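Undergrad: A structural model of the following input is requested.
(chains A, B and C)
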Amino acid sequence: MRDGALARLLGHRRGLIGAGAVAVMLAAGVLAPVAAPYSYSSQSLTQRLRPPGRAHWLGTDGFGRDVLSRVMWGSRVSLQIGFAATALSLVVGTVLGGAAGYFGRGTDQAVMRAADAFLSVPALFLVLVVVALFGASLLNTALVIALVTWAPAARVVRAECLALRARDFVQAARALGAGHARILGRHLLLNAVPVIIVQASLMLGQAILIESGLSYLGLGAQPPLPSWGNMVVEGRQFLASAWWVAAFPGLAIFVTVLGFNLFGDGLRDAFDPALRGAA
Amino acid sequence: MTDLRSYLLRRLGFAALMLVGVSLILFVLMQLAPGGPEAVLIGGEFSAEAAAQIRARLGLDRPIAVQYVTWASAAVHGDLGRSFKTGDPVARLIADRLGPTLQLTGAALLFAVVVAVPLGVLAAVRRGTTWDTLGSAVSLFGVSFPSFWLGIMLILLFSEAVPWLPPSGLAEYGRESDVVSRVRHAILPTLTLGLIQMAAVMRFTRSSLLEALRQDYVRTARAKGLADARVVWRHALRNALIPVVTVIGLSLPTLVGGAVLTETVFAWPGLGRLAVGAVFERDYPVIMGVNLVVAAVVITANLLTDLAYTVIDPRISYQ
Amino acid sequence: MIHSLVLAALVVLLTLAGPRPGLGAGRDLVIGLGGDATSLNPVVATDSISYIVEWPIFDSLLELDASLNVKPLLAESWETSRDGLTYTFKLKKGVTWHDGKPFTARDVAFTFYSVLDPKVTTPHRAYFDALAGFPELTAKENPKKPEELSVRPIEVVDDHTVRFRLRYPSGSFLAVLVNPRAGIVPEHLLKGQDLNTAEFNRKPVGTGPFKLVEWRRAERVVLEANDKYHGGRPALNRVIFRIIPDAVVLLQELRSGGVDLMENPPLTEVARLKQTAGLRVLTADNTSYTYLGWRQDVAPFTDLRVRRALNHAVDVPSMIKEVLQGYAAPAAGQFPPSSWAYDPSVKPYPYDPARAKTLLAEAGFKPGADGILTRDGKPFTFTIRHDVANQTVKDTAVIVQEYLKRVGVDARLEPLDWPTFVKKLFASEFEGIVVNWTNHHDPDPFAYTIWHSSQWKGRNFAHYKNPRVDELLESARRTAVVAERKKFYGEFSKVLMEDAPYVFLYFPQQVYVTRQGYEGFVALPTFGGIYQSLKAVRWTGK
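TA: As a prediction, the model looks like this:
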């Protein structure tokens, strides 16, 4: 089944486009320290708000800093936050959701009620309180995004495990005397991997959007460290006179999030043959 | 029936416990956060004296446990206290702001469902064709923009490039009961929020309808020769409703807690902005009040959603 | 599908059918604000937005003219005794409150006794330090009541005459009797109430040119013209404050007609706004200033060479030209160029990074491997705290950080939200700060409270101490002769600049954008200068 999935993935046009977009952004982020033409913080007050040109391919911002370099460095920051938040969120969500789906009854109730508790507090509330307490560092931002997104992940995993639990091979394993941990780990979660991966790709996009929302409220990565979110926010005031300052990081967000979503679609269709879209 | 009753009682019990737990944690967290309402109330002409005076007047010099119990016992009777910042009764503040928020998020959700469900159905039924691609494109577009970005783009488009619509606000002064004015002001924020919510609904509809169409009983019905449309609409769609209800349920906190970013961009006087402002200003009674109301609404809605599940799909039982 | 089509058609229909956005035929004035007011009681309100909104509602005894001298408002005339200790004001006759009751000297006495009352939480109290009996009335333990004093600071002579007695001749006494901190409130509505929490604060009644019609929280405040205003009914029908938190959207509202006046647009847009037909840009000097500060009593800032080096390291003229588009004046101390206390012979340190490096080297710093200066193995690094919500301050902090880096000083920015920032500021818990500090049109109130060594628990949170400065500030405070005060403040500025306690950066100008067709705006060179002139604004449509 794996081989079939891979083949389907490779043939899935939209999924490949998405993967490509993400790969480009990832590369920009990874290579920023060596490939960025300028440092992300070096200012030049006489070169402020220059349009895209020879010296600065994407123009300069309100402090004369190179937009291209900052978008590349911003890729590092935004993707770091995105990956950290998603990883945290998925680990917690998978463990709890899996336990809920598999054991049912009390565990299910407990986990679902806990998820409800987190879901019933408005997300930004939680975020603000955490950031007010612990400060707006990259780690805290990732932490807080994970706090807000683990519950939906847990629900998805739980639903999948609930469905899988009733399947034949699980009954068979039980009949053969396999222990809970083995069944949960080996059979359920392994088969839930496709769902988890799809969820991950969607959450990555979401995490980036949440980070930019935090920047809009003044939280999130703080200057002079660039994140796409705070670049868009800083650049908004120049929209009429220097559109490139906000447009390029905005475009970066759009392309990356879209890429993750397309890739997620591709993954989902690849793992489930009946849902395959036109290649 | 006793099943249902004991289930309900249990859920309500949990709900009450959760409300207490969540509010207690929030209360403690808030007090731990550095800075307090006195900074906001005194502004730039701060003095330690004035600060101490204000804290005493607001009851913040009492032990945290005492403060919480005082708040909780009043809250149980419906008295949510008064805002530190303005002195307005919190219950009234929330009531005033709940309306605009529900209008906005309700309209956005309606827009999302009305546009996304038919698109999702079309995409599933005409899988692989241009309809499918179009549907995916529209939904992906909506979900890939930050809302404050989309908002300002729409504003620039519809009030600058093409000066049709007002950029922000609920209605013009003196025209609050004028339906036309209200609708015109609501279009851009609803669109901003709705485009984003549309994506999730569309995807769910499409994939769950595809899943439903795949089921054995559908294939059997088709084999038996029943008209396609009847098969789809009668059997598959009903089952496809479940995830749609899920998605609606998941967007409830946003619904009530308010779409903070959209409300801020469009100067919409809603609950979300109230909540955010209260956190920035350490307005504890407002924070606690909003949290309580939102949590209560969400917990109730979840309960109703779960009950709805059991109605739609009798295979799901009360565990 | 059908549903969506019908909905779409409906939307299009409604859009086209509706009236164009924008308000009134110009007889209203819509002002855009970024936040909501807290309280509309001048005795207790302390934030700048509350000041702005309450300004048209309340009158003070005096108001300012274009040169920031006082002129009559509720007080028709006044006499000063020879020794400068007694001021007798004759009040205007026939003035009524918005509820129709007559305004008398009792209201004046009530207002200022309330300001002095220790039970009322108000920072305005400090402005009246010169009043007789001030220490006794405001004492923390067992404060006296006015009746118990032998010399009453405020005396109602008759219905239209009120007398103030001072304990030392103060040059700033008249200057503090103006809005926004000295609006007169009605005794008949507030006597016996707790001013901190009175319902009046939400439903104010004043004698001003406009009265409150409606206050919808976080949305708008609506004022309408006072027909019976003693200065004549204002030409405007209504003044409506709209609260629009997003600055970019606020600008858009101005452009599309939803707002008629806003302050502080993004400075890079001002040039374009000036070219826009239908909009006008007004600028005026201001008294508030932005600076880079630090704890005076913490190394390495205790070293004069270090402080001077930091002053040489920042290119202020460039910052003003490039970032502030010229809408600021370089700061050489506490007083703006528009103030009479300003001494043009006191100049800021010139931008000279080489000199900065030399001074730092003299102070014992050597460049480390990464370019950061070190001394005794410790790098020269410190955190700069600032308010996260103030965009110009944020930008300034980023630029300052860069300039410091170029001379080898590693400054780390730590933006904090306002409640946290203020708390740490006044608890002196910081290393460096970038702040935009409000100021008063009279030099005394802020110069004294910021630089006098007795104020370490107050605004002198940087813990500055200089006996010569203390002396000069006290002398300037205790004389009413302007020429003498000017001398003292001149010397004060000189001493301060030599001591280089801060890097004084700039005095940002007030920049307003308004719709073409409104006449009568006068932007005074002090905080909120334009709001005093609202009663004279009229729509001519030109």
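Undergrad: need phi/psi at residue 167.
TA: Because you didn't say which chain, this covers chain A. The phi/psi pair for A:R167 (degrees, to the nearest 10) reads phi -70, psi 160.
Undergrad: please refer instead to chain C.
TA: Here is the backbone geometry of C:R167 (degrees, to the nearest 10): phi -100, psi -10.
Undergrad: hang on, isn't it packed against C:A130?
TA: Yes: contact criterion CB atoms under 8 Å: C:R167 and C:A130 qualify, at 6.4 Å. C-betas here are computed from N, CA, C, even on glycine.
Undergrad: more crowded one of these two?
TA: Neighbours were counted for C:R167 and for C:A130 using other CB atoms under 10 Å in any protein chain shown; C:A130 has more, 24 against 16.
Undergrad: tell me the spacing between that one and chain B.
TA: If you measure C:A130 against chain B using CB to the nearest CB, to the nearest Å, the figure is 18 Å.
Undergrad: dump the helix or strand hosting B:A278 to PDB, keeping only the CA atoms.
TA: Secondary structure assigned from DSSP states H and E places B:A278 in helix B:271-280. The C-alpha trace of helix B:271-280 is given here as PDB (Å, rounded to 0.1, in the frame of the first residue of the first chain):
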ATOM      1  CA  LEU B 271     -16.900  40.600  22.000                       C
ATOM      2  CA  GLY B 272     -13.600  39.600  20.600                       C
ATOM      3  CA  ARG B 273     -12.200  43.100  20.700                       C
ATOM      4  CA  LEU B 274     -13.600  43.600  24.100                       C
ATOM      5  CA  ALA B 275     -11.800  40.500  25.300                       C
ATOM      6  CA  VAL B 276      -8.500  41.500  23.700                       C
ATOM      7  CA  GLY B 277      -8.700  45.000  25.000                       C
ATOM      8  CA  ALA B 278      -9.400  43.700  28.500                       C
ATOM      9  CA  VAL B 279      -6.300  41.400  28.400                       C
ATOM     10  CA  PHE B 280      -4.100  44.300  27.300                       C
END
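Undergrad: what helices or strands is it leaning on?
TA: In this structure, helix B:271-280 packs against helix A:123-134, helix B:90-125, helix B:252-257, helix B:260-265, helix B:284-312, with contacts taken as 3 or more CB pairs under 8 Å, 6 or more residues apart in numbering or on different chains; DSSP states H and E.
Undergrad: now for the second one, which elements pack on it?
TA: Translated: helix B:90-125. So helix B:90-125, by 3+ CB pairs under 8 Å, 6+ apart, packs with helix B:130-143, helix B:179-214, helix B:237-250, helix B:252-257, helix B:260-265, helix B:271-280, helix B:284-312, helix C:2-17.
Undergrad: again, but for the first one
TA: Using 3+ CB pairs under 8 Å, 6+ apart as the contact criterion, the elements in contact with helix A:123-134 are helix A:138-165, helix A:190-216, helix B:2-32, helix B:252-257, helix B:271-280, helix B:284-312.
Undergrad: quick one: closest of those to A:D61.
TA: Relative to A:D61, the nearest member of those by CB to CB is helix A:190-216, separated by 14.5 Å.
Undergrad: once you drop chain neighbours, what's closest to the closest residue to chain C within the stretch 1-150 of chain B?
TA: Relative to chain C, the nearest point of the stretch 1-150 of chain B is B:G35 (3.1 Å; CB to the nearest CB). Ranked by CB to CB, 6 or more residues apart in numbering or on different chains and with sequence neighbours excluded, the top spatial neighbour of B:G35 is C:P419, at 3.1 Å.
Undergrad: A:L10 too?
TA: With CB to CB, 6+ apart, the residue lying closest to A:L10 is A:L16, at 7.1 Å.
Undergrad: likewise for C:P317?
TA: Closest residue to C:P317 apart from its sequence neighbours, by CB to CB, 6+ apart: C:P330 at 6.3 Å.
Undergrad: cool, A:L225 as well?
TA: A:V77 (6.2 Å).
Undergrad: neighbours around C:V151, how many?
TA: If we define neighbours as other CB under 10 Å, then C:V151 has 12 of them.
Undergrad: check contacts around B:W131.
TA: Counting by CB atoms under 8 Å, 6 or more residues apart in numbering or on different chains, B:W131 touches B:L122, B:A123.
Undergrad: the closest residue to chain C within the stretch 101-250 of chain A: what secondary structure?
TA: Here the stretch 101-250 of chain A gets closest to chain C at one residue, A:Q237, 3.8 Å apart by CB to the nearest CB. With DSSP: H, G, I helix; E, B strand; the rest coil as the basis, A:Q237 sits in helix.
Undergrad: and it, what does it touch?
TA: Listed by CB under 8 Å, 6+ apart, the contact partners of A:Q237 are C:A247, C:V248, C:P266, C:T268, C:E269, C:Q391.
Undergrad: just the buried residues of the helix holding B:A278, please?
TA: By neighbour count on 16 or more other CB atoms under 10 Å in any protein chain shown, the buried set for helix B:271-280 is B:L271, B:G272, B:R273, B:L274, B:A275, B:V276, B:G277, B:A278, B:V279, B:F280.
Undergrad: swap in stretch A:242-260?
TA: Buried residues in stretch A:242-260, counted by 16+ other CB under 10 Å: A:242, A:244-250, A:252-260.
Undergrad: narrow these to those in strands?
TA: Using DSSP state E, no member of the buried residues of stretch A:242-260 falls in strands.
Undergrad: and the residues you listed near chain C, which?
TA: Residues of the buried residues of stretch A:242-260 in contact with chain C (CB under 8 Å from any CB of the partner chain): A:A242.
Undergrad: host element of the residue nearest to B:G35?
TA: Going by DSSP H and E, C:P419 is part of helix C:418-426.
Undergrad: thought C:G206 was touching C:D59?
TA: Yes: in this structure C:G206 lies within contact range of C:D59 using CB under 8 Å: 6.7 Å.
Undergrad: so what's in contact with the two at the same time?
TA: By CB under 8 Å, 6+ apart, C:G206 and C:D59 have these common neighbours: C:G183, C:I184.
Undergrad: circling back: among the helices and strands packed on helix B:271-280, which comes closest to C:F335?
TA: Of all the helices and strands packed on helix B:271-280, helix A:123-134 sits nearest to C:F335, with 36.5 Å by CB to CB.
Undergrad: ok, now which ones touch the closest residue to A:V157 other than its chain neighbours?
TA: Counting by CB to CB, 6+ apart, A:V157 lies nearest to A:G97, which is 3.2 Å off, once chain neighbours are set aside. Contacts for A:G97 were tallied using CB under 8 Å, 6+ apart; they are A:V111, A:A153, A:A154, A:R155, A:V156, A:V157, A:R158, A:C161.
Undergrad: at 10 Å what do you get?
TA: A:G97 sits next to A:90, A:108, A:111-112, A:115, A:150-162, A:189, A:192, A:196, A:199 when contact means CB atoms under 10 Å, 6 or more residues apart in numbering or on different chains.
Undergrad: with A:A27 instead?
TA: Applying CB under 10 Å, 6+ apart to A:A27 gives the contacts A:A35, A:M72, A:S75.
Undergrad: in helices, which of those fall?
TA: Among the contacts of A:A27, the members falling in helices (DSSP state H) are A:A35, A:M72, A:S75.
Undergrad: burial count for the residue nearest to A:L225?
TA: The local packing of A:V77 (other CB under 10 Å) involves 25 other residues.
Undergrad: thank you, goodbye.
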